[in-house]
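J.: Predicted coordinates and the sequence they were generated for:
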Amino acid sequence: MGKTSKVVVCGQVFSGKTAALEQLIYGTHTAGTQLFPTIEDIYVANIETDRGVREKIRFYDTAGLSPSNPELPKHYITLADGFVLVYSTTDRDSFKRIDLLKRDIDAAREKKEVTVVAVGTKTDLKDRKVDLREAQNWAQKEKVRLFEVSVRDRKALMDPFVFLASKMTQPQTKSRFPALGPKVKQTSINDS
Amino acid sequence: MQRQLSQPGVVDNDLSDYWTEIKDIEENSESFGSEEDLCKTPDEFEHNTEWLKDSGLTGAASKLSAGNEVHNVYGEVDEVLMSTLTRTQAAAVERRVSNLNQTLRMKGRAQPRDVRDIFQPPSSPTSPTMPQEDAQRGAEGREIIPSPFLPQPREIIPSPPRSISPPLPSPLEDSRHPPVRRRVSSSSSINLGVTDAATGVRTMSVQPKSPGTHKELSRRVSNQELVSDTDISLDFSSDAKLEVGAKSDDEYSADQLPNFTLVKDKYGVTKVGDLSERDMKKVRSLALIELTALFDTHNIELKRRRPGKVKLKESGVFSVPLEVLVEQDQKKRDGIKTPLILQSIILFLEENALNIEGILRVPGSAARIKNLRKDIEERFNNGDFTWDRVRPNDVAALLKQFLRELPNPLLTYEYLSAFASVEHIPDRRQQLQALNLLILLLPTVHRDSLKLLLKFLSKVVSKEKENKMNINNVAMIMAPNMFLVKSGSKNVNYNEVKMAAGTSQIVRMLIKYHKILWTVPSFMVMQVRRLYQVESSKTKDSKGLMKLIGRHHKEKKTTIPSAGQEDPLPKGVIKVVAPHLTKTAMVLDLDPQLTAGDVVKRFRGRTASQDNSSEPGNAPPGCINPRQSAVYARNNTYLYEKGGNIGERCLDMDTNIATLVKVNPHAEWVLKPKSH
């Protein structure tokens, strides 16, 4: 339905961006497999939103950011309709990175024209370094939705992406009244 | 006489199969116009003009047929094509042009022939008014005329790009006497190739491996870098790509054909179907020039006969041109490349006849065949013909009939005699090369059908133990059917014996080597690339300027990137797009080891086999890809290089990408299923 939305998936290197996408789209990723650093991959997926409409989303899987490659190339920031900021719950640096990324995005884009979600990965691993509460505080302050996922649980993994797709493709008129958001959504579900 | 007796092809067993087959054909053929009526041999002028046209030198051809002499093929017309040719190829073209010039002069002024023309070798241009440049080239042309003592091998010295400037002497050539240099250097490298071939051949290396018992010739372009330069230096790597693994000392021992295998180079093998139509057109014209050059060096005349106008059947099954059949069948099923009738006959035979003793040799019953034929003619195109209760031997006979009665035979009238004269080339590798070039010259439908037939024949041969049909028998039986030999008088004369031996030898080679013959030699792919490059640099004013503009554009993009626009890629990576897959694009590092196969693998799921969790049945609401599960690269997905200096080429899985990128830096890389 409508035009294809573009979503840029970004975050620290080895935070599990590609793993999350592959698992999301193909469902074939197994945790702990060998890592290949991505340069840039593009996926196209159909996502059924909570309004029951199937939306075509183009995912830009970007190269992981690292101290040697600290900045997300500018053109990604300008082209995207939505962002998935990925951090690893086992890596504090990756969490700091998404904070910087969020600032970059805010600097370049209007808050209204892009949708951002933050995704903490690798929750199945034991050595957690980023506290859930701390992350939630940050998310609240930045007004982004936060999800914690693991590639082991594909259904939970879908939540952030379904949310993103629904939010991005929401008709403009409704998104102008954020206060009425839940109510409007309710009616739209009833309609369908 | 001596030589004739040991003629390759006259195999230990006699040619009796061949003669029985001919007799059989005679009995089965109903009133059939003699083929002499069907085709005419054009006069030489016409022939040469045709040749120029077919080899892509349309400019020169039109000028000549308008009655003007062409003095300088390079400067005046067709500069693009000529500049990419190698020296031998160019010489072959020049010979024809000068021939034409002569005929024109004779026609126009009706003057007696110039004395100088008589005493000069016929092929060298002799016009005294020739510009100096041409005179130089004329001298070159003379050098290439084969001497009776030395079988003239092909040119292998890297030639500087031909342009309007006179040829630059390469450092290597300087060291030798001009008139003999090439003959010396190249003949030693090919004829004695095994012992001292490294001399004088800069771009190829021959590695003799225990000479005498094992001949392992593997000459290839040693310096890959050279190719990316302006030179096409790997001129003759095509015969170099064929590796000889002959067991016997005598390479010409006819009984066993040596095992040739393709030597893979880093650019990957290019199969005939891998190139786009546009590229194949270029390949075809290059192949014609190359073949002519090859034949010239062996003093063999390349006769190309044009089929005359014949009333053609436009419908039905038998005696219908292959092109018409395919066109009909394409309406029924998409992507058909060979006629359905041929496919289904061969399929039937493959399923039912491979084990039958004497298949293809044992004739069926004439009456049954006649009925069968009528049946097929009436019902095959409606689709209600079934192959039940049909005897394999009858079908085999029908297959032969089908081939014989094609209005234009499988090998085409045009090249039939060329195919037959391949036998006169003394060197086995060059024979193979000539066959390879001829196959490239065949019309696509004929080429594909021939491949289908040869595949079947080689399957028959592979079951030799059960069906008692070895390669010699099969070749001998198929030769008269493919070469349209007619039985003449009762007593077989000497020429016919020679023809019989020669043609069956050719068929034998076709069967044996069909796997490696259906490739485009890599030096020709290189020439095609060069052709594109010269073309594009000619249309755009200058290449340097274009590059500058291109860079300018890119800079703009980086400063004002807008949504959906191509982002500038850093160096050392390529972007592979796969529009029909879920993963539509991927940027890859140019690892020096990266092959096309690796690229395709990256688009396949890592564990593609267990791809069932996304089955549509248990898909919860709000799921990803609800109906169709994600699309991975399938087995028939290949990587293509598109644009840059080639139209489109499907890459062999072993192609080294990094090397290819150097040759074609501006290509797009596309992943898609092969269309057949």
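T.: On my side now, so go ahead. Numbers count the residues shown, from 1 in each chain, chains lettered A, B, ... in the order given.
J.: What separation is there between B:Arg447 and chain A?
T.: Per Cβ to the nearest Cβ, to the nearest Å, B:Arg447 is found 38 Å from chain A. Yep, even glycine has a C-beta here, placed from its N, CA and C like the rest.
J.: Chain A: helices as residue ranges?
T.: Remark: helices assigned in chain A by DSSP state H are A:17-25, A:74-79, A:92-108, A:132-142, A:154-168, A:172-175, A:181-191.
J.: out of the ones you listed, deepest packed?
T.: helix A:17-25 (a mean of 25; mean count of other Cβ atoms under 10 Å in any protein chain shown).
J.: coming back round to it: which among the helices of chain A is found nearest to chain B?
T.: With Cβ to the nearest Cβ, the closest approach to chain B among the helices of chain A belongs to helix A:74-79: 3.5 Å.
J.: pLDDT weak spots in chain A?
T.: Chain A contains residues with pLDDT under 70 at A:1-2, A:32-34, A:171-192.
J.: Contact residues of it facing chain B?
T.: A:6, A:22, A:24-30, A:33, A:39-50, A:52, A:54, A:58, A:73-76, A:78-79, A:154-155, A:158, A:161-162 (Cβ under 8 Å from any Cβ of the partner chain).
J.: Redo the helices of chain A as TSV? Include distance to B:Gly383.
T.: As requested, the helices of chain A are exported to TSV (distance: least, Cβ to Cβ, whole Å):
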stretch	distance to B:Gly383
helix A:17-25	42
helix A:74-79	52
helix A:92-108	62
helix A:132-142	66
helix A:154-168	47
helix A:172-175	56
helix A:181-191	52
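J.: out of those helices, which comes closest to B:Asp279?
T.: Of all the helices of chain A, helix A:74-79 sits nearest to B:Asp279, with 33.9 Å by Cβ to Cβ.
J.: CA atoms only for the closest one, dumped as PDB, please.
T.: This file holds the C-alpha atoms of helix A:74-79, laid out as PDB (Å, rounded to 0.1, in the frame of the first residue of the first chain):
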ATOM      1  CA  LYS A  74      24.700  11.800   5.800                       C
ATOM      2  CA  HIS A  75      22.600  10.500   2.900                       C
ATOM      3  CA  TYR A  76      21.100   7.800   5.000                       C
ATOM      4  CA  ILE A  77      19.800  10.300   7.400                       C
ATOM      5  CA  THR A  78      18.200  12.400   4.700                       C
ATOM      6  CA  LEU A  79      16.700   9.500   2.800                       C
END
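J.: gap between that helix and the chain center?
T.: Counting by Cα atoms, centre = their mean, to the nearest Å, helix A:74-79 is centred 15 Å from the centre of its parent chain.
J.: And it, what does it pack against?
T.: strand A:5-11, strand A:54-62, helix A:92-108 (3 or more Cβ pairs under 8 Å, 6 or more residues apart in numbering or on different chains; DSSP states H and E).
J.: Can I get the last one in CSV, CA atoms only?
T.: What follows is helix A:92-108, C-alpha atoms only, in CSV (Å, rounded to 0.1, in the frame of the first residue of the first chain):
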residue,chain,number,x,y,z
ARG,A,92,27.6,0.0,26.9
ASP,A,93,29.4,1.7,24.1
SER,A,94,26.7,0.6,21.6
PHE,A,95,24.1,2.3,23.9
LYS,A,96,26.1,5.5,23.9
ARG,A,97,26.3,5.3,20.2
ILE,A,98,22.5,5.3,19.7
ASP,A,99,22.3,8.4,21.8
LEU,A,100,24.8,10.1,19.4
LEU,A,101,22.9,8.8,16.5
LYS,A,102,19.6,10.2,17.8
ARG,A,103,21.2,13.6,18.1
ASP,A,104,22.5,13.4,14.5
ILE,A,105,19.0,12.6,13.3
ASP,A,106,17.4,15.4,15.4
ALA,A,107,19.9,17.8,13.9
ALA,A,108,19.1,16.9,10.4
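J.: Who are the packing partners of that helix?
T.: Where contact means 3+ Cβ pairs under 8 Å, 6+ apart, helix A:92-108 is packed against strand A:5-11, helix A:74-79, strand A:82-88, strand A:115-121, helix A:132-142.
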